[in-house]
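Undergrad: here's my sequence, what's the structure:
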Amino acid sequence: MSNTEAVPREVLCEAAGTAVDIEILVPRAVPLGGPRAMDVRRTLPQRQRSLIGAWCFLDHYGPDHVGATGGMQVPRHPHTGLQTVSWLFTGEVEHRDSAGFHAMVRPGEINLMTAGRGISHSEYSTPETDVLHGAQLWVALPDSARHMEPTFESYRPEPLTGAGWTLRVFLGSLAGSTSPVTTHSPLLGAEILLEPGATLELATDPTFEHGVLLDAGSVHLDGHPLATDHLAFLPVGRSSLTLGAGTDPVRLLLIGGEPLGEKILMWWNFVGRSHEEIVSYRDQWQAEIGVEKPAAPGIGGTLRFGTFPAGEPAALPAPALPTTRLRPRN
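TA: Take a look at the predicted model:
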């Protein structure tokens, strides 16, 4: 998914202090664009916290009635230095990218695109979709992997079930279930369903930071209530967490990972390490789509962001850079 904010701000992503026991991140509404503009609720990044492990971006959307909102209509756009993670609850989205991958994103199936040195892709809800509901997340690649060749993976985890709960682990390991999807730093991603009144205690890796996003229902996290659409942050040092459902069925996402340990600069759809890198990525993208400058040779004589089939909608141009130098923010 593209960050379609007209004036995106730069964000320095680094591990913040972990003195709090549970920190609540409040969502903000961001329109995806288009004539009817489906809104997403963004909980990462924020000024108070920009990373949970290597997770650097979280958009939560729906349930949206596509006939009223227009659904997801995101033309070709670029990424660098990150992995995109698509997870749907309902609906279907068509993914196409410049590395040659074409896939249908469906509920209960992770679709992970590794941008590496650079990729471009598009995302459109399908004509058959009536209701679109899900989450889009980004993972910052560590310096050791951020210049790798772009690629794509898909995986449908088998559900684990217990007394009043269902668990699907789409990244990393939890409760004896392990995802085969490739990550480049220790990560966790899972969907959890709870029946009304159910309680689930999970053993967690104490070296991980964790985040809990409540999609639906009412839940207590270690005895603390969590509001719908809000993201709870739990610092390193916890070996377990307890989820207790209220009177309604609960659906939530659990993410986590070891602190990245690297400062990253994120602007628009690019993750880099410096002002110069971000400017270079933007210039190359604008050149490749024929905006502002002639086409550039890119990497080794090839285009950094690849090519797309003829007949696709026009690519998204990059927003204007700020008038001041992109710089770290603490």
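
Undergrad: excluding covalently adjacent residues, which one is nearest to the most centrally placed residue in the chain?
TA: Computing the C-alpha centroid of the chain and ranking residues by C-alpha atoms, centre = their mean puts L137 first, at 0.9 Å. Distances taken as C-beta to C-beta, 6 or more residues apart in numbering put V85 closest to L137, at 4.3 Å, once the chain neighbours are dropped. (C-beta placed from N, C-alpha, C; glycine too.)

Undergrad: next SSE downstream of the strand or helix carrying the one you found?
TA: For V85, the host element (DSSP states H and E) is strand 82-90. As assigned by DSSP H and E, the chain's next helix or strand after strand 82-90 is strand 93-97.

Undergrad: who does that following strand touch, helix- and strand-wise?
TA: strand 102-105, strand 110-114, strand 119-125 (3 or more C-beta pairs under 8 Å, 6 or more residues apart in numbering; DSSP states H and E).

Undergrad: which residues sit against that strand?
TA: Applying C-beta atoms under 8 Å, 6 or more residues apart in numbering, the set of residues contacting strand 93-97 from outside is 72, 86, 101-105, 111, 113, 119-126, 129, 132, 134, 150, 152, 306, 308-309, 312.

Undergrad: and for stretch 306-319?
TA: 2, 4-8, 74-78, 96-99, 118-120, 122, 150, 268, 282, 285-286, 289, 291.

Undergrad: just the C-alphas of it, formatted as CSV.
TA: This file holds the C-alpha atoms of stretch 306-319, laid out as CSV (Å, rounded to 0.1, in the frame of the first residue of the first chain):
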residue,chain,number,x,y,z
GLY,A,306,11.3,-2.1,-12.8
THR,A,307,8.7,-2.1,-15.5
PHE,A,308,4.9,-2.8,-15.7
PRO,A,309,2.7,-4.3,-18.4
ALA,A,310,1.3,-1.9,-20.9
GLY,A,311,-2.2,-0.6,-20.3
GLU,A,312,-1.9,-0.2,-16.6
PRO,A,313,-3.2,3.0,-14.9
ALA,A,314,-0.7,5.8,-14.6
ALA,A,315,1.8,5.5,-11.8
LEU,A,316,1.6,7.6,-8.7
PRO,A,317,4.1,10.5,-8.8
ALA,A,318,6.0,11.3,-5.7
PRO,A,319,5.0,14.2,-3.5
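
Undergrad: any idea how far it is from the middle of the chain?
TA: 21 Å (C-alpha atoms, centre = their mean, to the nearest Å).

Undergrad: in it, what counts as buried?
TA: G306, F308, A315, L316, A318, P319 (16 or more other C-beta atoms under 10 Å).

Undergrad: let me see the ranges of the strands in the stretch 1-150 of the chain.
TA: All strands of the stretch 1-150 of the chain, identified by DSSP state E, counting those that start in this stretch, fall at 11-13, 23-25, 28-31, 39-44, 55-65, 73-79, 82-90, 93-97, 102-105, 110-114, 119-125, 131-140.

Undergrad: quick one: average confidence on the last one?
TA: When the per-residue pLDDT values of strand 131-140 are averaged, the result is 97.

Undergrad: and what of the fifth one?
TA: Looking at strand 55-65 alone, the average pLDDT works out to 96.

Undergrad: could you do stretch 271-278 as well?
TA: pLDDT averaged over stretch 271-278 gives 96.

Undergrad: ok, residues contacting that stretch?
TA: 10, 56, 79-82, 138, 140-141, 143, 146, 263-267, 270, 281, 321, 325-327.

Undergrad: wait, which of the helices and strands packed on strand 93-97 is closest to T161?
TA: Among those, the nearest to T161 by C-beta to C-beta is strand 110-114 (19.0 Å).
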